[in-house]
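Participant: Sequence and predicted structure, then a few things I'm wondering about:
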Amino acid sequence: MFSASIFPLLISVYAERTAINEEIRALLLLEEAVNHYKADLPVSDRKVDGVLIGKEEVDEDLLRFCARWIGRNGRDYERCFFASK
């Protein structure tokens, strides 16, 4: 009976740990996109491992880079960085 109550809890904790690892991966991809932009390398919208990296112009010299994905825990995530030259 003890294991029957602990098993669902462990599954939930594992899903959250996986979601945190996915967020770290997405933030690294986002940082890479910003670094490419700052180094004057071509940056385009792309999807890597289920993470959509996009950019949009906020002002003349300010861009917003956003990463969007659905985590293994079923939640939608979006994280954004701003960059200027």
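Facilitator: The structure has been received and is ready for your questions.
Participant: State the distance from residue 83 to residue 6.
Facilitator: Separation of residue 83 from residue 6 (C-beta to C-beta, to the nearest Å) stands at 45 Å. Quick note: C-beta positions are derived from backbone N, CA and C, even for glycine.
Participant: For those two, indicate the residue with more neighbours.
Facilitator: Between residue 83 and residue 6, residue 83 has the larger neighbour count (other C-beta atoms under 10 Å), namely 18 against 10.
Participant: Tell me who's in contact with the more buried one.
Facilitator: 34, 37-38, 62-65 (C-beta atoms under 8 Å, 6 or more residues apart in numbering).
Participant: what about it, which helix or strand?
Facilitator: Assigned by DSSP states H and E, residue 83 belongs to strand 76-84.
Participant: Partner strands of that strand, with direction?
Facilitator: strand 62-70 (antiparallel) (DSSP bridges).
Participant: can I get the CA coordinates of the strand it pairs with in CSV?
Facilitator: What follows is strand 62-70, C-alpha atoms only, in CSV (Å, rounded to 0.1, in the frame of the first residue of the first chain):
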residue,chain,number,x,y,z
LEU,A,62,16.2,45.9,-30.2
LEU,A,63,15.1,42.3,-30.9
ARG,A,64,13.2,39.8,-28.7
PHE,A,65,14.2,36.2,-29.0
CYS,A,66,11.7,33.7,-27.7
ALA,A,67,11.7,30.0,-27.1
ARG,A,68,8.4,28.1,-27.0
TRP,A,69,7.9,24.4,-26.2
ILE,A,70,5.5,22.0,-24.6
